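Undergrad: Turn this into a model:
(one chain, ligands or ions: 1)
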Amino acid sequence: MALRISKPLRGAALDAERMRGLVAWTARTLETEHPVPFGAEIVHTKTGERLMRATNAVRKENDPSSHAELRTVRLACKKLKGFSLKGYTMYTTCEPCPMCMANALWANLDRVVFGTTIADANCFCNQIQIPATEVAHRSDMKCAVVGPVEQALCLTLFTHPNMQRAFRTWSSRKKK
Ligand SMILES: [Zn+2]
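TA: You can find the predicted model right below:
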């Protein structure tokens, strides 16, 4: 059989592959004391080199702003010793909430690629119902918002039995 050299992934296929990697990494929290379905990763837009990744740590750090996206930006900027993430792309397992999307804009990220939607997440926990695209459109900063990507796979983080058990202890859980 002839040797086949696979072409490097581009565009949507590359976004999907990176999202799958992020889901696998985020899923590791499901076996820990603080399971979370929210993970984010920042990579260089051109080279794809990973700068930082982090999960939601609101409970771990007792900090309501420690959402995965905001925390990843915070840690990435600390690493770069700068406040601009121009030239970088963020992947996140869930559409950023208005706080995180605003922070992504302030950070000058090129792109934000998300997995599940705010509406999906809202089936399991409280959310603020403003789409990330709307936050981006109302901003002077330019940032492409792409998603949902690998939505069904990202949803498995929410529906995992350990996550379902954890959601029941989240005091902010929406009462249905
Ligand atoms: Zn957020």
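
Undergrad: Who does residue 40 form a beta bridge with?
TA: residue 54, residue 92 (DSSP bridges).

Undergrad: isn't it right up against residue 75?
TA: No. Contact criterion C-beta atoms under 8 Å: residue 40 and residue 75 do not qualify, at 9.9 Å. In this view, the C-beta of every residue, glycine as well, is placed from N, C-alpha and C.

Undergrad: Overlap in contacts, the two.
TA: Common neighbours of residue 40 and residue 75, using C-beta atoms under 8 Å, 6 or more residues apart in numbering, are residue 54.

Undergrad: Who has more neighbours out of those two?
TA: Legend: neighbour count by other C-beta atoms under 10 Å for residue 40 and residue 75, higher for residue 40 (30 against 16).

Undergrad: Got the phi and psi for the residue nearest to residue 67 when sequence neighbours are not counted?
TA: In this structure, residue 67 finds its nearest non-sequential neighbour in residue 100, 5.1 Å apart by C-beta to C-beta, 6 or more residues apart in numbering. Dihedral pair for residue 100: phi -70, psi -40, per degrees, to the nearest 10.

Undergrad: Count the residues that sit near residue 100.
TA: By other C-beta under 10 Å, neighbour count at residue 100 equals 27.

Undergrad: That one: what's it in contact with?
TA: Residue 100 neighbours (C-beta under 8 Å, 6+ apart): 67, 68, 69, 70, 92.

Undergrad: can you name the two of those residues that are farthest apart?
TA: The distance between the two most remote of the contacts of residue 100 (C-beta to C-beta) is 10.3 Å, for 70 and 92.

Undergrad: ok, which residues in this structure are in contact with the ion?
TA: 67, 97, 99, 100 (C-beta under 5 Å from the ion).

Undergrad: list the contacts for the third one?
TA: Pointing back at residue 99 there. 65, 67, 70, 128.

Undergrad: can you tell me which helix in the protein is longest?
TA: helix 11-26 (DSSP state H).

Undergrad: quick revisit: now, which of the residues of the chain next to the ion lie within helices?
TA: Filtering the residues of the chain next to the ion for helices - DSSP H - leaves 99, 100.
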